[in-house]
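[1] Sequence first, predicted model second:
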Amino acid sequence: MKKGLLTLALTLSFGLAGCGGETQSDSALDLEEFSQEGATETLDTLLQAIRQEVGNPVAASPDQCRVVGIGHRPCGGPERYLLFSTETTDEQRLLGLVERYNARARDLTAESGMVGTCEVLPEPGTLVRGGVCVAAAKAEM
């Protein structure tokens, strides 16, 4: 019985020693790379869900058109704006998806230490052209 336990202990010791070939920094790099790939995939998945929720922003009047900021610039503010129609979009569901996307984008910006030009994108106005919401400069409104 003692000989069996000793054999098991030695086997486990050698098995664990065999795992030591990978340095701690190699392991950390692999984990970081995996995290970034997973995060990118999550952003892509969320963006696809957002686009699917928006669909074609059909509207009968301008008051059905809305704008929401998407993403995160390193100095603050959204990367871009997205137009949607309350006629064809579940606004609460969309805003929940956008909130999750923006939070993840902020996390990635902070983790990467990314910097930017710190320009602020003006929020576009909206018009209805051909029954679809379109971006408009404030002067066009």
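    Looks like it came in fine. What you are looking at is a predicted structure, and each value in this text was computed from that prediction instead of being measured.

[2] Check which helix or strand N56 maps to.
    Per DSSP states H and E: N56 is located in neither a helix nor a strand.

[3] One more: R66?
    Going by DSSP H and E, R66 is part of strand 65-70.

[4] Parallel or antiparallel, list what pairs with that strand.
    In the sheet containing strand 65-70, its partner strands are strand 80-85 (antiparallel), by DSSP bridges.

[5] quick check: mean pLDDT across the strand it pairs with?
    Across strand 80-85, pLDDT averages out at 95.

[6] and for the following helix or strand past that strand, what are the contacting residues?
    Beyond strand 80-85 on the C-terminal side, the first helix or strand identified by DSSP H and E is helix 91-112. Defining contact as C-beta atoms under 8 Å, 6 or more residues apart in numbering, one finds that helix 91-112 is touched by 36, 39, 42-43, 46-47, 49-50, 53-54, 66, 68-74, 78-79, 82, 84, 114. Where you see a C-beta, it was placed from the backbone N, CA and C, and this is true even at glycine.

[7] In stretch 99-116, which residues are buried?
    In terms of neighbour count (16 or more other C-beta atoms under 10 Å), stretch 99-116 has its buried residues at 101-102, 104-105, 108-109.

[8] ugh, wrong one, stretch 117-129
    124-128.

[9] May I see those residues organised as TSV, with secondary structure added?
    Shown next, in TSV, are the buried residues of stretch 117-129 (DSSP: H, G, I helix; E, B strand; the rest coil):
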residue	secondary structure
P124	coil
G125	strand
T126	strand
L127	strand
V128	strand
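
[10] nearest to V134, of these?
    When these are compared for distance to V134 (C-beta to C-beta), L127 wins out at 5.5 Å.

[11] Can you add distance to A136 and pLDDT and give the buried residues of stretch 117-129 back as CSV?
    Formatted as CSV, the buried residues of stretch 117-129 follow (distance: C-beta to C-beta, whole Å; pLDDT from 0 to 100):
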residue, distance to A136, pLDDT
P124, 6, 91
G125, 4, 92
T126, 6, 94
L127, 4, 94
V128, 10, 95
